[in-house]
Structures are given as C-alpha cells and as structure tokens.
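> fold the following for me, if possible:
(chains A and B)
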Amino acid sequence: AQSVTQLGSHVSVSEGALVLLRCNYSSSVPPYLFWYVQYPNQGLQLLLKYTTGATLVKGINGFEAEFKKSETSFHLTKPSAHMSDAAEYFCAVSSYNQGGKLIFGQGTELSVKP
Amino acid sequence: DTAVSQTPKYLVTQMGNDKSIKCEQNLGHDTMYWYKQDSKKFLKIMFSYNNKELIINETVPNRFSPKSPDKAHLNLHINSLELGDSAVYFCASSQPIDKTQYFGPGTRLLVL
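Have a look, this model is predicted:
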C-alpha cells in the first residue's frame, strides 16, 4: 500500500527566507509524486509533479522539488518566500497500478511573516 | 473558462435529507474522481470513473452513489445525510497518460 507523510503540520518562515516542506512516501512500485497548493476556501492547484526522467522538477511560483529514491523523499523548496505563498500544501503519490487515485499526505500549513 | 466546475459551492442541510452535488469538466478527460476533505483538511479518494465506468470505490457507505451520465459529468448523490458527512467534496479529472488531476473548487457541505 502507498502512503505519504508530511513532516510538520505547520511551518512558519519570514518573507524572503527559504521554504522547505518535507514529504516522504512509501510505494512498492515506481511512484508518481505531486505537490498541490490550496488557498483558503479554494480547490487544489498543481504546483509540480514527478513521473519519470529528471529528478529535480520545477513548478509554478518558483517552487521546485527533488525526487530522491534512496531517501523515499520529495521535498518542496522555494529560495525566497513571499507573503502570497501562505497556504496549505499537500504532497501526494499515485502509481500506474492504482487506477490513478492520489494518496495525500496530511498537509502542511505555511505561514509567511513580514 | 472553468476547467472543472462543481455545483453548488455551499450546501447546508438537515440530517436525514438527500442531496446531490454536480461536477462537470470541459478538459476532454476520460477519468473523473470524487475526494472528501474532512475538518482536519485530510483528503481521501471516494470514487473514480473512467469513461462512465466505475473503477474505484473506496469503502464508502452505500448512502453515497456516484453517477456518470457521460464522461464530462460525474455527480454525487448522498442519501440520509449524517452529521459526519459534513466536509468539503472535491471533484477532479485527469487523462491517464498525463497523470495530473485537475480539481474543482469544492462543495462545502454542512449537515445540521
């Protein structure tokens, strides 16, 4: 069975500081990995994804993530936080043999202090 | 143009009532999903349809019945609503080759 663990339900950074949101996954088959962002009272928006190929993936709004198979991790980073980055972030995993369903982590709420 | 739309956006109802939530996607995708987000923001798959055929049913109470009249629409009907059904319900769609799921804005259901 697949699972996702996001370390830290709340992360707070200062504007301009590095953002690091941690995600570890468990999967018995090659995973597809995703980061979604949810702004208050809105749906989920895809930030970036890893399916195959280059392990460092770049997404929207300056975010990127690196797939590390040996560490079963897919951490999300952004060099410099902006006030508008404050939101809930979800890491998710799926695979070719799971009918495409996404298994989500618990979510990490990012706060950005001025 | 809204890619994945849901109606209604908010739904407040009494325990025991029956209600429906509608979802439509104009992306031409073959696969559609329903997810439930609980009060702690945890997201869980409920159902998935591929080309009008049910492919995922994740141990959801049979009070929940999805219906797909065509591959652009996936509706969710809930019978005998309970307090625990209060949640945000998200519809999503994808094309298998792309693997990315596109989400609707959500329907916020409150059962009183």
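> residue contacts, the residue positioned nearest the centre of chain B?
The residue lying closest to the centre of chain B (Cα atoms, centre = their mean) is B:Trp34, at 3.4 Å. For B:Trp34, the contacting residues are B:23, B:45-48, B:66, B:74, B:76, B:89-92, taking Cβ atoms under 8 Å, 6 or more residues apart in numbering or on different chains as the criterion. Backbone N, C-alpha and C define where each C-beta goes, glycine included.
> show me how far stretch B:43-60 is from its chain's centre.
Relative to its parent chain, stretch B:43-60 has a centroid offset of 9 Å by Cα atoms, centre = their mean, to the nearest Å.
> what's that stretch in contact with?
A:44, A:90, A:99-104, A:107, B:30-38, B:64, B:66, B:68-71, B:74, B:76, B:89-90, B:96.
> which of those are buried?
Buried residues within the contacts of stretch B:43-60, defined by neighbour count using 16 or more other Cβ atoms under 10 Å in any protein chain shown: A:44, A:90, A:100-104, A:107, B:30-37, B:64, B:66, B:68, B:71, B:74, B:76, B:89-90.
> show me where chain B has strands.
B:4-7, B:10-13, B:19-25, B:31-37, B:43-50, B:53-57, B:64-70, B:73-78, B:87-94, B:101-103, B:107-111 (DSSP state E).
> by contact count, what packs against the first one?
Yep, that's strand B:4-7 we're talking about. Counting contacts by 3 or more Cβ pairs under 8 Å, 6 or more residues apart in numbering or on different chains; DSSP states H and E, strand B:4-7 is packed against strand B:19-25, strand B:87-94.
> residue 108 - how many residues pack around it?
You didn't say which chain, so I picked chain A. Neighbours of A:Thr108 under the rule other Cβ atoms under 10 Å in any protein chain shown: 20.
> I was thinking of chain B, sorry if that wasn't clear
That count, for B:Arg108 with other Cβ under 10 Å as the rule, works out to 16.
> and it, what does it touch?
A:41, B:9-11, B:88 are the contacts of B:Arg108 under Cβ under 8 Å, 6+ apart.
> ok, now A:Leu46?
When contacts are counted by Cβ under 8 Å, 6+ apart, A:Leu46 touches A:34-36, A:59-60, B:100-102.
> which of the helices or strands spans it?
Using DSSP states H and E, A:Leu46 sits within strand A:44-50.
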